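# From the sequence below, what's the structure:
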Amino acid sequence: MTKKKEDIIEEKNEEKKAKQTRKKTSTTKENKKNIKENAPKRVKSKKTTQDNLTKSIDIVQDLLNSDQEITIGDSALLDQIPQELGLLSLRENVLFNSMIMPIYETREEGIKVIEDAYNTSKFIFVTCQKNSEIAEPNFSDLHSFGTVGLILRMIKLPNGYIKALVQGVSRAKAEKEVRNTDYPKVKIHLVDEMQIEESPEIEALIRTARENSEKILQLRGVPVAEIMGILSQVNEAGKISDLIASNMRLKANEAQAMLECLNPLERLKMINSHLLKEVEIADLQAKIQNIAREGMDKAQKSYYLREQIKAIRSELGEGQDAEEELDSLREAINKVGLSKEAKKEADKQLRRLANMGSDSAEANVVRSYLEWLVELPWKKLSKDVLDIPKAKEVLEADHYGLNKVKDRILEFLSIRKLNPEAKATILCLVGPPGVGKTSLGRSIAKAMHRKFQRISLGGMRDEAEIRGHRRTYVGAMPGRIIQALKNAGTRNPIILLDEIDKLASDFRGDPSSALLEALDPEQNSHFSDHYLNVEFDLSKVLFICTANSLDSIPHALRDRMEVISLSGYTELEKLAIVKSYILKRQIKDNGLTEKQIKISDIAIKKVIREYTREAGLRNLEREIGSICRKIARKVAEQEIKSCSITPKVVEDLLGAPRFVEEERDKILLPGVATGLAWTQAGGDVLYVEVSLMKGKGSILLTGKLGDVMKESCQAAISYIRNHSNELGIDEDFHEKNDIHVHVPEGATPKDGPSAGVTIFSAILSALQNKPLKAEYCMTGEITLRGRVLPVGGIKEKILAAVTRGLTDVIIPKQNVKDLEDIPTELLEKIKVHPVEHVDDVKKLVFSK
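Numbers count the residues shown, from 1 in each chain. I've put the predicted structure just below:
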């Protein structure tokens, strides 16, 4: 205890030796030069908490080192302030006179205000928001009373945001908003504070403010000398009030009240009231820190006492618990069935543990390692039930449709039945969200009577998440695969690696590379986890991966998996799933009975079309659940006993439709073509618009197009230029006209080669000034020779075309094989036209 008091006294002496003074900043170049020569260097405090006032001194010091002249308060400067200024709103800060505030502006309007002011008068009107939670405030959301600020410095960052250094010049009030400007602008008039005579009361209040400020700084451990040196130089009631208020932890409304108070005497009383509160808070904080320090001393004392108790127990022979623990670990090691390598390592670590103190840090690490070894299922296997008809019943009961996927799963189970020693195939289920990838994995586990474990890989960046941490690190643990095996309790569970396409990588390693060993049937029998540091056999584990897209999966990892695609559901499939599965589940979950709620097919179709837009079923189930909840509430309140859901009732319960399908144009204008696109949520219809303008042949591409889509535009234009005579177009069209290609919904990124034929048709239509047939839509990649190459997502695209009421679709001839996966009822509603060349497209799409 004596040593700690001496340390405290020594630290206080060092702080006293570090006292320095700083002269008040001048408004002229000559005084500024003198300050730069005489200003002492700042002494760094050992405390981690620094007051806002010290930060302002840092800013002033940096400003002194610049060549800019400061003339705050000069009448000549005030005369330069325009009557109309750009309006900059702050969320929770208030700018006071002479205060220098760094501003980091991210809002587009605020950036324009600062840039324009900095390039012109350098003055802006700064005010505070009434509600800080409003992201884009209007004029009515701001306080009319604010401060005219002078922009001293401005830096534009690479991300487009701005850092500015602004100094308060004068209080001002916004009279009205200036309309028809690119950014917020207001008409202001300057406001002068009241002039008061010096009096003993004012002098007493100023001294009180200085004393309270010094108390706060001392309680918080901040160097006092340089700050109090500045406060001692200020003798005007208004200026010292503003100086202290700008560096206190005031709430926005309290700071705004200080700003609007024009009576220096009243303002000085207000700041003294706030300072008294801060003194009380700082005093309480110091007491809490002292109590915590005393608690640490008590903990140290308890440690010594516990050590003495251990020594006494050792002398009395009461250390038998450690021996019992070693015996139980030794017995578990002999029974669990470790491999030779693991048994050798376990015996070695057990001998180390016996020679260590039971409470040492290293003993805890060794004990945890041995516990992991004995809890893993080295030999335990669950017995597979490979009844193929029963497995088929389980899959049919849990999932509607997906016949191709079910057939592949049953084939896999059949091979396991005929050849149990066959190496496991890694299945990868790829499809949009909500189509049943994860539930398929659960159904396979249910059919085989195996344990099921799910590992979410989304956003995983650390290789140690797969392979584990080395035991040299604090808090080391095995990887997720070993943890899943421990939780399953068997050596042959089904492990679902969910969202494998969302893996990331950084300086901590690449998890996808770590998965290569685990997912390779030739290598995973010798899988090595960094924590275990011994081999573990994963050959009996059935791995099933899920992904939304194959594009982001590394090729080496994709090569180890068998990909099974799950496309989106059609409207008829969704209707059948709702009636057979979702509705029954939601009725049960919400405490209803089938007699209390009945939903017509038309009502379900309305929910599918107008309240959800997805390839899967998640949002559809949420909407059905929302209907059931609302009916359950009415039944509980005894408003109704039962309800029949019609389309009108759906709209009453769920509100206005969220998705209103645009009716397709019956007649297209020249230069407009209808295309098809694939997204992770299913298919979609998009329009390509082309406009010609007199120019010099420049090509303008808008709509947030990706690089591949831009190259498709270039390929289409190059083909048209090379075959202009055959297409009936002027050879020099590219020299006389500028071509603007636009794809609507410009905020949505678009990419891929499948829009090639659509872009070609739209450009050709614009050049010939002929409209295309409105009932036709198309997809396909084009080459410079005019060939139409195959693309993906045919089922989803045709489904989107049928939904929008289109009757004809053009696809590449090589995609005809994909029509086998499309339900017959869907193909009956649309006519498919396979093409090999853009000449075939031209013959089909142009109106006679």
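# Which elements pack onto the helix or strand where residue 497 lies?
Using DSSP states H and E, residue 497 maps to strand 494-498. The contact analysis (3 or more C-beta pairs under 8 Å, 6 or more residues apart in numbering; DSSP states H and E) places strand 494-498 against helix 437-448, strand 452-456, helix 480-488, strand 542-547. Using the backbone N, CA and C atoms, a C-beta is placed for each residue, glycine as well.
# Which of those sits closest to residue 624?
Taking C-beta to C-beta, helix 437-448 is the member of the helices and strands packed on strand 494-498 nearest to residue 624, at 16.9 Å.
# Could you tell me the angle between the closest one and strand 452-456?
Here helix 437-448 runs at an angle of 160 degrees relative to strand 452-456 (axes from the mean of the first three to the mean of the last three C-alpha atoms, to 10 degrees).
# what helices or strands is helix 437-448 leaning on?
Helix 437-448 packs on helix 388-398, helix 403-418, strand 427-430, strand 452-456, strand 494-498, strand 542-547, going by 3+ C-beta pairs under 8 Å, 6+ apart.
# For the fifth one, C-alpha coordinates in CSV please.
Read it as strand 494-498. The C-alpha trace of strand 494-498 is given here as CSV (Å, rounded to 0.1, in the frame of the first residue of the first chain):
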residue,chain,number,x,y,z
ILE,A,494,-24.3,-35.6,-42.1
ILE,A,495,-22.6,-32.2,-41.9
LEU,A,496,-24.2,-29.4,-43.9
LEU,A,497,-21.8,-26.7,-45.0
ASP,A,498,-24.2,-23.9,-45.5
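# and after that strand, which helix or strand comes next?
Defined by DSSP H and E, the subsequent element after strand 494-498 is helix 511-518.
# Not including adjacent chain positions, what is the nearest residue to residue 524?
In this structure, residue 524 finds its nearest non-sequential neighbour in residue 538, 4.0 Å apart by C-beta to C-beta, 6 or more residues apart in numbering.
# Tell me which helix or strand that neighbour sits in.
Going by DSSP H and E, residue 538 is not in any helix or strand.
# Check residue 692 too.
Going by DSSP H and E, residue 692 is in strand 682-694.
# Now do the buried residues in that strand.
Neighbour-count burial for strand 682-694, counted by 16 or more other C-beta atoms under 10 Å, picks out 682, 683, 684, 685, 686, 687, 688, 689, 690, 691, 692.
# cool, stretch 398-411 as well?
Buried residues in stretch 398-411 (16+ other C-beta under 10 Å): 398, 399, 400, 401, 402, 405, 406, 408, 409, 410.
# Please confirm that residue 739 is located within a strand.
Yes: applying DSSP: H, G, I helix; E, B strand; the rest coil, one finds residue 739 inside a strand.
# still on that earlier bit, ok, the residue nearest to residue 524 touching residue 518?
Yes: Residue 538 lies in contact with residue 518 (C-beta atoms under 8 Å); the separation is 6.1 Å.
# Find the residue at the geometric middle of this structure.
residue 459 (10.5 Å; C-alpha atoms, centre = their mean).
# Return the residues in contact with that one.
By C-beta atoms under 8 Å, 6 or more residues apart in numbering, the contact list for residue 459 reads 502, 504.
# SS state for it?
Under three-state DSSP, residue 459 comes out as coil.
# Distance check, it against residue 568.
Residue 459 sits 25 Å away from residue 568, going by C-beta to C-beta, to the nearest Å.
# go on, residue 175?
58 Å.
# List of residues touching stretch 121-129?
By C-beta under 8 Å, 6+ apart, stretch 121-129 touches 80-82, 85-95, 113-114, 117, 137, 141-151, 166, 168-169, 172, 174, 186, 188, 252, 255-256.
# Those residues in strands, which ones?
If you go by DSSP state E, those have 85-90, 145-151, 166, 168-169, 172, 174, 186, 188 in strands.
# List buried members of the residues you listed by neighbour count.
85-90, 145-151, 166, 168-169, 172, 174, 186, 188.
# by contact count, what packs against the lengthiest helix in the chain?
Counting by DSSP state H, the longest helix found in the chain is helix 264-316. Other helices and strands packing on helix 264-316, by 3+ C-beta pairs under 8 Å, 6+ apart, are helix 200-219, helix 237-246, helix 252-260.
# The helix or strand that it is followed by: which residues count as buried?
Downstream of helix 264-316, the next assigned helix or strand under DSSP H and E is helix 320-335. Across helix 320-335, burial judged by 16+ other C-beta under 10 Å covers 326, 329, 330, 332, 333.
# So, low pLDDT: which residues of the chain?
Applying pLDDT under 70 to the chain flags residues 1-75, 295-296, 306, 309-310, 312-323, 357-359, 661-665, 680-682, 746-747, 847-848.
# what's the distance between the residue nearest to the centre of the chain and residue 108?
Residue 459 sits 30 Å away from residue 108, going by C-beta to C-beta.
# cool, residue 328 as well?
From residue 328 to residue 108 the distance is 67 Å (C-beta to C-beta).
# What of residue 518?
48 Å.
# between these two, which one's more packed in?
residue 518 (21 against 12; other C-beta atoms under 10 Å).
# Pull the contacting residues for the more buried one.
466, 481, 524, 527, 538, 543.
# same check, this time on residue 86
Here residue 86 is in contact with 112, 113, 114, 116, 117, 124, 125, 183, 184, 185 (C-beta under 8 Å, 6+ apart).
# Any idea how many residues pack against residue 343?
Around residue 343 there are 17 residues (other C-beta under 10 Å).
# thought it was touching residue 332?
No: Residue 343 is not in contact with residue 332 according to C-beta under 8 Å; the separation is 11.8 Å.
# Return the set of buried residues in stretch 451-469.
By neighbour count on 16+ other C-beta under 10 Å, the buried set for stretch 451-469 is 451-453, 455, 457, 460, 462-469.
# dump the residue contacts of the closest residue to residue 669 other than its chain neighbours.
Take residue 669 and drop its neighbours on the chain: the residue closest to it by C-beta to C-beta, 6+ apart is residue 771, 6.1 Å away. Residue 771 is in contact with 667, 668, 669, 670, 672, 765, 847, counting by C-beta under 8 Å, 6+ apart.
# Closest one of the residues you listed to residue 216?
Distance ranking of the contacts of residue 771 against residue 216, using C-beta to C-beta, places residue 672 first at 69.7 Å.
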